[in-house]
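Participant: Prediction below, plus the sequence it came from.
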Amino acid sequence: MRRIPILILALVLLTNTCQAGEFFSSVSEKLTQTKSTVFSVFYSQNSEKKINQKIRTDLSKEEIEELKKEVERKKIIREKENWRLTEHYCLLRSDYDNFLFCLEKLEEQKQACEAQKTYGNNIYISLNDQLLYAVKNCQLVAYSIVITGKNKTPTPTGTFHIYSARGPHYMQGEWFVNKAFYFWRGYALHDAGWRTGKYWEKEYRAYYGSHGCVNLPQKTMNILWDQYVVGDNVYVYYSLPEEIFSELKEKIGTKKPIISTDE
């Protein structure tokens, strides 16, 4: 009678052993695959490291330094093309050769800037386009929509200079402005917090324009306030002269004008 339970136990153990064998065989196979994958990844990464290391070790220290100088010179040229070179920028160069190279490009930048029609600290207003272009040291510092005088109270055209910079005040005792640059009599460039929505669109200027001042989005006026001072130039045209517009167009590139909804 005792042999029957022993036989049953033996059969159970044999069955479990077979299942266990299959289980461990499956685990062993998966581990082998994992090891193969890990090894492949490690080998691939290690190969890339060896290649990079080979490239680096193939160059001498002098050649590496020369490459660094060349990269820095390309940055200097790029800054010059965008009118951004300064003496301070040149002083920060990595070695004396590139310092001299930077000074040479800075001098070229100055000469090219002085030859431009837009040379100086200038603010240009186009009445036809209802746009403002602000240029300083040959860089475009602001490009923005504006609203100028309506038909009954047009904005004066001509060459002017900022003669007064005033902070928060009421114009004509009624219109509150945060900042204003007066350029002729009571005419000014200023922010216009009361102007919203469609009243910034140039199609509405004829009847809903200003009393002759140049209304600006607050963001635009903030930029001008930081960049310009009393004595700087303001040019108001019906249409910008071609030689000036061509220079401004090049500076604008793909930039979009500041609009009234910008903060």
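Facilitator: Everything's here; your move.
Participant: How many residues are close by the residue nearest to residue 227 when sequence neighbours are not counted?
Facilitator: In space, and not counting its chain neighbours, residue 227 is closest to residue 141: 5.1 Å by Cβ to Cβ, 6 or more residues apart in numbering. Just so you know, the C-beta spots here come from the backbone N, C-alpha and C atoms, and that holds for glycine as well. Using other Cβ atoms under 10 Å, the number of residues around residue 141 comes to 17.
Participant: Check residue 202 too.
Facilitator: Residues near residue 202, counting by other Cβ under 10 Å, number 16.
Participant: And the residue nearest to residue 227, how far from residue 186?
Facilitator: Note on residue 141: its distance to residue 186, by Cβ to Cβ, to the nearest Å, is 26 Å.
Participant: for residue 139, same thing?
Facilitator: Taking Cβ to Cβ, one finds residue 139 at 31 Å from residue 186.
Participant: Tell me which of these two has more neighbours.
Facilitator: Between residue 139 and residue 186, counted using other Cβ under 10 Å, the more crowded position is residue 139 (13 against 10).
Participant: Which strand residues bridge the more buried one?
Facilitator: Judged by DSSP bridges, the bridge partners of residue 139 are residue 136.
Participant: residue ranges for the helices of the stretch 51-200 of the chain, please.
Facilitator: In the stretch 51-200 of the chain, the helices defined using DSSP state H, counting those that start in this stretch lie at 61-81, 87-91, 96-114.
Participant: and those as a markdown table, adding distance to residue 221 and mean pLDDT?
Facilitator: Below are the helices of the stretch 51-200 of the chain laid out as a markdown table (distance: least, Cβ to Cβ, whole Å; pLDDT from 0 to 100):
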| stretch | distance to residue 221 | mean pLDDT |
| --- | --- | --- |
| helix 61-81 | 28 | 92 |
| helix 87-91 | 28 | 95 |
| helix 96-114 | 26 | 95 |
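Participant: Which of those has the highest mean neighbour count?
Facilitator: Stretch with highest mean neighbour count among the helices of the stretch 51-200 of the chain: helix 96-114 (a mean of 15; mean count of other Cβ atoms under 10 Å).
Participant: same for that one, what does it pack against?
Facilitator: With contacts taken as 3 or more Cβ pairs under 8 Å, 6 or more residues apart in numbering; DSSP states H and E, helix 96-114 sits against helix 61-81, helix 87-91.
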